[in-house]
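Undergrad: can't give you the sequence, but here's the structure:
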C-alpha cells in the first residue's frame, strides 16, 4: 500500500474506492444530528426525570458507540453535580446500583459487551436508557425492563452514525437538568456540519479542501494527536479511532497537560529523526494539536511550549482550532474534520474505509 495524494482528486477513484459509502455517511452528519434529536424527543426522554436525579451516569458502549459517553461528559462539563463515566467493558463496576442511570449505546443493538452491561444494570435495579437500532436484542432488554429506548435509524458501521447515537444521551442529560441545550443548539451544530460537508466534498480540490489537506499532513507519519481541553481531547481520541478503523492507520492519543508528562519525550526519540537525504519518504512523528478556546491558562502555556519544542526539533506540526461557542459545536467542528481526513487518508492509500476485516475476524475467532 503506497500513499498517492493524486488519488484524492481523482473523482472516479473516490467513488470506486469507497464502495461502502463512508464519505456519503460522513456527509450525512448534519442530518444525523437532526434525526437524533427528533428521535430522542419522540422517545419521551423527559420521563427519566420521574426517577429523580441519579447518583451517577454510566454510559456503556464499544467503539464508535462509546464515544457518545465521552461527548456527553464533555458537554455537561466540569460543573456536573454527578460523575459521568464511559464504560468500555463487559462488567458493570461494583459501585453501580439502583440510584444510578446506565445508558447502553449500541449502533447494531447487538454488541455483546453492551448487552452484558445492560443486563447487569436491570438486575441491579438501575434506571436504564437504551440507544440503538430498532428491533434488536438491546431494545428487547430495555422493553422487558420497562426502560426507555431510543430507536435510532442506524445504517452501516456504528462509527458512521456518531451523531445519531450521541445526541439522545445529551437530550437525556437536559431532561435531568444537568445541561441546558435546546433545538436551536442542535440546529447550529447541524448547519456547521453542513458547511464542513460542502468544504470537504470530494469534488473540492486538495489545496482548498480541509479534509484532504489534513489527510495529506497525516500521510507517511506517525500522528501524536493531543487535545487541549476535555472537549478537544474527545475529538483527538475520535480522530485516533477513526484513523485505525477507516484508514487502518496507527496513531497516538493524548490530552494536555497529561501528555507533557510522558508523550512529549517522544520528540527526542527515534521516530522524531528525519533523513532529508533519503530517496523515499520515511515515516516520522507528527504532532497534531487540537485547540479549544476553553483550555486552562496553564494548558495554553504548555501547548505553546510543546509546539515550539517540536518545531525546534524539525518535527512536523499540525494545529487545528475548534469553531463555535458551545462545547458541542466545537467538538463537532473538530470531529467532522477528522472523520473526513481519516476517510481521505484511507482512499489515498487505496484502502476501503468501510471494511474492518480484522475486527470481523477477531469476533469470529472468539465466537468459536
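TA: Happy to help now that I have it. Bear in mind the structure is a predicted one, so any value in this text is a computation, not a measurement.
Undergrad: CA atoms for contacts and neighbours, from now on please.
TA: OK.
Undergrad: phi, psi of residue 60?
TA: In terms of degrees, to the nearest 10, the main-chain angles of residue 60 are phi -100, psi 130.
Undergrad: so who does residue 264 touch?
TA: Residue 264 makes contacts with residue 306, as judged by C-alpha atoms under 8 Å, 6 or more residues apart in numbering.
Undergrad: pretty sure it sits in a helix.
TA: Yes - assigned with DSSP: H, G, I helix; E, B strand; the rest coil, residue 264 falls within a helix.
Undergrad: quick one: pLDDT of it?
TA: The model reports residue 264 with a pLDDT of 97.
Undergrad: cool, and residue 95?
TA: In this prediction, residue 95 has a pLDDT value of 97.
Undergrad: residue 110 contacts residue 137, correct?
TA: Yes - between residue 110 and residue 137 a contact is recorded at 5.9 Å, counting by C-alpha atoms under 8 Å.
Undergrad: look at residue 226 and tell me its secondary structure.
TA: strand.
Undergrad: what sits against it?
TA: Applying C-alpha under 8 Å, 6+ apart to residue 226 gives the contacts 233, 236, 253, 254, 255, 256, 259, 287, 288, 289, 290.
Undergrad: please report how far the closest residue in space to the first one that isn't next to it in sequence lies from residue 316.
TA: Of all residues beyond its chain neighbours, the one nearest residue 233 is residue 227 (3.9 Å), with distances taken as C-alpha to C-alpha, 6 or more residues apart in numbering. Here residue 227 is placed at a distance of 17 Å from residue 316 (C-alpha to C-alpha, to the nearest Å).
Undergrad: the two - which one has more neighbours?
TA: Neighbour totals were compared for residue 227 and residue 316, and residue 227 leads with 26 against 19 (other C-alpha atoms under 10 Å).
Undergrad: quick check, residue 250 in a helix?
TA: No - Residue 250 is assigned coil when assessed by three-state DSSP, not a helix.
Undergrad: name the helix or strand for the residue nearest to it when sequence neighbours are not counted, please.
TA: The shortest distance from residue 250 to any non-neighbouring residue, by C-alpha to C-alpha, 6+ apart, is to residue 244 (5.7 Å). Take DSSP states H and E as the rule and residue 244 turns out to sit in helix 230-247.
Undergrad: next secondary structure element downstream of that helix?
TA: strand 252-255.
Undergrad: quick one, domains of this structure?
TA: What automatic domain parsing lists as the domains of the chain is 5-10+202-348, 24-186.
Undergrad: and these: which comes nearest residue 367?
TA: domain 24-186 (10.8 Å; C-alpha to C-alpha).
Undergrad: could the domains of the chain be laid out in CSV, adding distance to residue 368?
TA: Formatted as CSV, the domains of the chain follow (distance: least, C-alpha to C-alpha, whole Å):
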stretch, distance to residue 368
domain 5-10+202-348, 24
domain 24-186, 15
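Undergrad: which one of the ones you listed lies closest to residue 364?
TA: With C-alpha to C-alpha as the measure, domain 24-186 is the member of the domains of the chain nearest residue 364 (12.8 Å).
Undergrad: ok so, going back, just the buried members of the contacts of residue 226?
TA: 233, 236, 253, 254, 255, 256, 259, 287, 288, 289, 290 (16 or more other C-alpha atoms under 10 Å).
Undergrad: reformat these as TSV; add distance to residue 39 and pLDDT.
TA: Shown next, in TSV, are the buried ones among the contacts of residue 226 (distance: C-alpha to C-alpha, whole Å; pLDDT from 0 to 100):
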residue	distance to residue 39	pLDDT
233	28	97
236	28	98
253	32	97
254	34	97
255	33	97
256	35	97
259	38	97
287	39	97
288	35	98
289	34	98
290	31	98
